[in-house]
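> when you get a sec, could you give me coordinates for this:
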Amino acid sequence: MTERGVLLWIHGGGWRARYHEDGAALAPLGLRVVAATYRFVAEAHWPAQLADVRAAARAARAAADGLPLLVGGDSAGGMLALHLALRGVDRPGDVAAGLAYWAPVNPLDPQWRRQRSDDPWADLLGHPPAAGDPATVDATVASHLGSGVPVLLVQGRADASVPAAQSVALAGQLLAAGHPVHSWITHGGHALDLARPDIQAVTTAFLDTVLPPA
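The predicted structure is shown next:
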C-alpha cells in the first residue's frame with residue numbers, strides 16, 4: 001500500500017513501563033509507523049515525557065520524506081499523543097492529526113479518583129493532582145485546545161482503567177474549540193485490539209479526512 005503519512009506511535013504503560021502495543025496494526029492503513037520512547041516516572045516527572053516525544057517527533061519528521069506527520073498512542077501514550085498533537089512539535093498546528101486510543105486525559109476526573117487505589121497521575125506529576133496546581137493544569141489535555149488539529153478518540157465503554165466518559169467529555173471540548181473530531185465509544189474494556197474491524201474502520205474513516213488519497 002502507498003504510504004500516506006508517518007505515524008509516530010507512543011506506547012502506553014501508565015507512564016511507568018512499556019506496554020507491548022506498538023501500533024503496527026495501523027500500518028496497513030497507509031501509515032509508516034515509527035516508535036517513540038520517553039522517560040518513565042521513576043526517572044523524571046512531567047513535563048519531561050512531553051519533551052521526549054517532541055524530540056522523537058522532530059526525528060520522525062526529518063525522516064518523513066515529505067509525508068504528513070501524525071501522532072498516536074494507546075493509554076498513557078495516547079495522552080502524550082494528544083498533548084503533542086494539540087500543542088505541536090515546535091508550534092501549535094504543525095502536526096497533521098492526533099490519534100488517541102483509550103487515553104487518560106483528566107487527572108481530576110471524579111470517577112477516576114473514586115475507582116483507583118493508586119494514582120498514576122500522582123507518579124507522573126510527582127505529587128497528587130489538585131485543582132489550580134500548575135502541573136495538574138498543564139497535564140490536563142483540555143488545557144491546550146484551539147490549534148484546530150483533527151483528533152481521533154477511541155475507547156471501550158467498559159474500560160475499567162480509564163472511564164469512557166473522559167473521552168466523551170474531551171470530544172465535546174474539542175468540538176467547541178473548533179477541532180475536527182472522530183469519536184468511537186465501542187464495546188470492550190481497556191487495551192483493545194487495534195486490528196479489530198470496527199477500530200480499523202473508524203481509523204480509516206478518520207485518516208481519509210486528514211491525509212491525501214492513496
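> any stretches of the chain with poor pLDDT?
Where the chain drops to pLDDT under 70, the residues are 1, 113-117.
> quick one: the strands in it, in order.
Ranges of strands in the chain, per DSSP state E, are 5-10, 31-36, 69-74, 97-101, 151-156, 181-186.
> what's the closest of the ones you listed to residue 129?
Of all the strands of the chain, strand 97-101 sits nearest to residue 129, with 19.2 Å by C-beta to C-beta. Any C-beta I mention is one placed from the backbone N, CA and C, and that applies to glycine too.
> my guess is residue 120 meets residue 12, correct?
No - using C-beta atoms under 8 Å, residue 120 makes no contact with residue 12, being 10.6 Å away.
> dump the strands of the chain to a markdown table, plus distance to residue 132 and mean neighbour count.
Output for the strands of the chain, formatted as a markdown table (distance: least, C-beta to C-beta, whole Å; neighbours: other C-beta atoms under 10 Å):
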| stretch | distance to residue 132 | mean neighbour count |
| --- | --- | --- |
| strand 5-10 | 28 | 26 |
| strand 31-36 | 31 | 20 |
| strand 69-74 | 28 | 29 |
| strand 97-101 | 26 | 28 |
| strand 151-156 | 26 | 26 |
| strand 181-186 | 28 | 17 |
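> go through those strands and name the closest to residue 212.
Short answer: strand 5-10, nearest of those by C-beta to C-beta, at 8.5 Å.
> which residues does that closest one contact?
Outside strand 5-10, the residues within contact range by C-beta atoms under 8 Å, 6 or more residues apart in numbering are 22-23, 26, 30-36, 38, 53, 56-57, 60-61, 63-64, 67-73, 77-78, 80-81, 84, 96, 99, 207, 211.
> residues contacting the residue nearest the centre of the chain?
Nearest to the mean C-alpha position of the chain, counting by C-alpha atoms, centre = their mean, stands residue 78 at 2.4 Å. Contact analysis of residue 78 by C-beta under 8 Å, 6+ apart lists 10, 12, 72, 99, 100, 101, 102, 103, 104.
> ok, now residue 191?
Residues near residue 191 by C-beta under 8 Å, 6+ apart: 12, 19, 21, 74, 75, 102, 161.
> residue 88: neighbour count?
If you count neighbours by other C-beta atoms under 10 Å, residue 88 ends up with 17.
> correct me if wrong: it contacts residue 82.
No - contact criterion C-beta under 8 Å: residue 88 and residue 82 do not qualify, at 11.9 Å.
> which among the contacts of residue 191 gets closest to residue 129?
The closest of those to residue 129 turns out to be residue 161 (C-beta to C-beta; 16.5 Å).
> now, the contacts of residue 191 that are in helices?
Among those, no member is found in helices (DSSP state H).
> which two among these are spaced furthest apart?
Farthest-apart pair in the contacts of residue 191 is 21 and 161; separation 13.5 Å (C-beta to C-beta).
> where along the protein do the helices fall?
Going by DSSP H, the chain shows helices at 48-62, 76-87, 110-115, 120-125, 134-139, 164-176, 197-210.
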